[in-house]
Every structure is written in C-alpha cells, then in structure tokens.
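> Dropping a prediction and its sequence here:
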Amino acid sequence: MLKVGFDIRPALFDYAGIHRYVRELGVALTQLDDGPFLEMFAPAWRGERKIPAALVANRHRMNKGFLPVRAMKLFNRLPGLDSGRYPATRYVFHSTDFTFSALRSLPTLLTMHDAPLSVPSPL
C-alpha cells in the first residue's frame, strides 16, 4: 500500500476554505478502497478537537509534531533532520499549505490555493 505523508495542519484550525479542502481530501483518501495509507502530520499540534471524525481508522495515523512550522524550517536545515524522514518512511509528501517546510529526502506534492491568474490587460 502506498504511504503518503499528508499535512493535516490546515484542517485543524478552521472549517472553511483551505481548511475544509484539506479535511475533506483527507477523509476521501482514507475512504478509497485502493487508496493510500496517510501518515498525517501537523507540527505545532493545536486544534485536536477538530480532527475529522469520518477518517477511516485503519487507513491513517495522526502524528503530532512538537515544534511550530517556523521552528521546523530551521530544524530541517540540520543534516539528517529533514522532516521527510519522520514520523515514518513514506513515498511522497503532500503539502497542503504554502508554509510547510521544504523536504529533501522524498518527492513532494504541493497544492496551491487561491493563486491569482495573470491576465493581460486589454489595450
């Protein structure tokens, strides 16, 4: 089974916008019959009461971080401490928000939200 690191952090803070997208995507991925196993990760764990109730129990694991994202970025600069190495080995990491630390040890997928389109102005 494919293991995917998943940044669940945005879903733990609010119920609208990006937060809702991340929450619903995590739930949908755990409900797929042949979907991946999600290693959900959130540095600076807050909002524990907002963990999505519909997550399938044997299709994910919550990993609670101990540092805020800004501190993780500094921590990840140390050799061998890239956040892609913990909490568990994964094949890819899905960063669901622009503030997550850069990962050097595995491929990363980043979802961009609300990116403005560059539209040429009429002459």
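Nice, I can see it.

> which residues of the protein fall in helices?
Here the chain has its helices, by DSSP state H, at 18-31, 69-75.

> which stretch in these is the model least sure about?
The minimum mean pLDDT among the helices of the chain belongs to helix 69-75 (a mean of 68).

> what's the closest of the helices of the chain to His113?
Set against His113 and scored by C-beta to C-beta, the helices of the chain come closest in helix 18-31, at 4.9 Å. Bear in mind the C-beta positions are built from the backbone N, C-alpha and C, glycine included.

> just checking, what packs against that closest one?
Packing contacts for helix 18-31, counted by 3 or more C-beta pairs under 8 Å, 6 or more residues apart in numbering; DSSP states H and E, involve strand 3-7, strand 37-42.

> As JSON lines, those strands with mean pLDDT would be great.
Below are the helices and strands packed on helix 18-31 laid out as JSON lines (pLDDT from 0 to 100):
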{"stretch": "strand 3-7", "mean pLDDT": "88"}
{"stretch": "strand 37-42", "mean pLDDT": "86"}
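
> Of those, give the one that comes closest to Leu117.
Closest to Leu117 of the helices and strands packed on helix 18-31 is strand 3-7 (C-beta to C-beta; 24.6 Å).

> Alpha carbons of the closest one, as CSV, please.
The C-alpha trace of strand 3-7 is given here as CSV (Å, rounded to 0.1, in the frame of the first residue of the first chain):
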residue,chain,number,x,y,z
LYS,A,3,2.2,5.5,2.1
VAL,A,4,1.6,9.3,1.7
GLY,A,5,2.8,11.9,4.1
PHE,A,6,-0.1,14.4,4.5
ASP,A,7,-0.1,17.8,6.0
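
> one step back: hey, which of the helices of the chain is tucked in deepest?
helix 18-31 (a mean of 18; mean count of other C-beta atoms under 10 Å).

> By mean pLDDT, point me to the weakest helix or strand of this protein.
helix 69-75 (a mean of 68; mean pLDDT, DSSP states H and E).

> So which bits of stretch 8-19 are buried?
Neighbour counts using 16 or more other C-beta atoms under 10 Å place 8-12, 18-19 of stretch 8-19 among the buried residues.

> Just name the closest of those to Pro52, please.
Closest to Pro52, out of all of those and judged by C-beta to C-beta, is Ala11, at 6.5 Å.
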